[in-house]
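J.: Predicted model and sequence below, questions to follow.
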Amino acid sequence: MDRNVIDSDAIAAATPLLRVEGLCKSFALPGGSIVKACDSISLTVDEGQSLGIVGESGSGKTTLMKMLMQLIPASSGTIYFQGHAIDCRNKSQQLEYHQHIQMVFQDSTSAFNPRMKVADSLCEPLYNQGLLKGRDSVEVAATYLDMVELSKDIAYRYPHELSGGQRQRIAIARALVAHPDIIIFDEATSALDVSVQDTIARLLVKLQKEHGYTYIFVAHDIAFVRCICHKVAVMHKGKLVDYLAADTLVQSDNPYTRRLIQSVYEI
Ligand SMILES: Nc1ncnc2c1ncn2[C@@H]1O[C@H](COP(=O)(O)OP(=O)(O)OP(=O)(O)O)[C@@H](O)[C@H]1O
């Protein structure tokens, strides 16, 4: 994918939507040892922009995302959303925060009820909040299917009647239905073949330009992240070892970042 699909002028203009300050997570292992999965992570995610988080397996990416989604509590440190610290003990604040953030996972197959048609799966978040009646679901589904560039006929299909790329688009559409400010993609396209990955990446960039969504991409693939993101955070053994604008990534002099880059690019 061509890097110039990203509007680099937007980089300077954004204000932080999400800020993470000194976030740590330790796990106690049987036998009494401790693993520091995340160690003093500080970063910001600007509104309408994309942050890529890369690192090899076990570097702490998933743990960081789970803390951002408030699925697990941090051992220490603070997450600020729109400048306000999120208190993990405050349930109403948590509920409010969850309305702003959605996640799309790698394996969308398990994310859908196999007995539910696409229209109902798409509208599930709205049913759950009492915001939609049954007969409106096809109309709402058609709107979001159109956003992810799928035919409205797909609303009547079941998940097993879709290709992997179509299912990932439905997963994206379902995240959009909830009107989030931030969408986290956890290796959301890595199981797809390169051309489908590229098409979905372009779609996400287009949606971001049109609707101002803020994205966080968690990925092993530094080349993908460099193409689609404005900023890149590189994690290694629980630490943030590099944090820079995507278009300066190849100039990084951090030895670990260079190793990741050299595994992809010949430079
Ligand atoms: N619940 C847990 N209990 C104990 N250790 C854990 C737990 N969750 C994660 N870890 C450890 O924390 C470290 C970071 O794991 P994490 O899953 O965040 O890495 P990752 O970068 O997402 O890896 P991958 O790319 O393979 O998903 C690893 O050493 C892992 O074994």
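T.: Perfect, thanks for sending it.

J.: Show me what from the chain comes close to the ligand.
T.: 27, 29, 35, 37, 55, 57-63 (Cβ under 6 Å from any ligand atom). Backbone N, C-alpha and C define where each C-beta goes, glycine included.

J.: Mind putting the residues you listed into JSON lines with pLDDT, secondary structure and neighbour count?
T.: JSON lines is the format used below for the residues of the chain next to the ligand (pLDDT from 0 to 100; DSSP: H, G, I helix; E, B strand; the rest coil; neighbours: other Cβ atoms under 10 Å):
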{"residue": "27", "pLDDT": "97", "secondary structure": "strand", "neighbour count": "12"}
{"residue": "29", "pLDDT": "92", "secondary structure": "coil", "neighbour count": "9"}
{"residue": "35", "pLDDT": "95", "secondary structure": "strand", "neighbour count": "14"}
{"residue": "37", "pLDDT": "97", "secondary structure": "strand", "neighbour count": "23"}
{"residue": "55", "pLDDT": "92", "secondary structure": "coil", "neighbour count": "26"}
{"residue": "57", "pLDDT": "89", "secondary structure": "coil", "neighbour count": "7"}
{"residue": "58", "pLDDT": "92", "secondary structure": "coil", "neighbour count": "14"}
{"residue": "59", "pLDDT": "94", "secondary structure": "coil", "neighbour count": "23"}
{"residue": "60", "pLDDT": "95", "secondary structure": "coil", "neighbour count": "24"}
{"residue": "61", "pLDDT": "94", "secondary structure": "helix", "neighbour count": "22"}
{"residue": "62", "pLDDT": "91", "secondary structure": "helix", "neighbour count": "17"}
{"residue": "63", "pLDDT": "94", "secondary structure": "helix", "neighbour count": "24"}
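
J.: which one of the residues you listed is nearest residue 256?
T.: Among the residues of the chain next to the ligand, residue 55 lies closest to residue 256 (Cβ to Cβ), at 8.5 Å.

J.: if I read this right, the closest one contacts residue 238, doesn't it?
T.: No - counting by Cβ atoms under 8 Å, residue 55 stays clear of residue 238, with 9.3 Å between them.

J.: re earlier: select, from the residues of the chain next to the ligand, the two members most distant in space.
T.: 29 and 55 (20.5 Å).

J.: So residue 22, which state does it fall into?
T.: Under the three-state scheme (DSSP: H, G, I helix; E, B strand; the rest coil), residue 22 adopts strand.

J.: wait, doesn't it sit right on residue 74?
T.: No - contact criterion Cβ under 8 Å: residue 22 and residue 74 do not qualify, at 9.1 Å.

J.: quick one: which of these two has more around it?
T.: residue 74 (23 against 12; other Cβ atoms under 10 Å).

J.: The more buried one should be in a helix, yeah?
T.: No - counting by three-state DSSP, residue 74 is located in no helix; its state is coil.

J.: Now it: phi and psi?
T.: phi -70, psi 150 (degrees, to the nearest 10).

J.: That one: what's it in contact with?
T.: Shown in contact with residue 74 (Cβ atoms under 8 Å, 6 or more residues apart in numbering): 23-25, 38, 67, 88.

J.: again, only this time at 10 Å
T.: 20, 22-26, 38, 41, 63-64, 66-68, 86, 88 (Cβ atoms under 10 Å, 6 or more residues apart in numbering).
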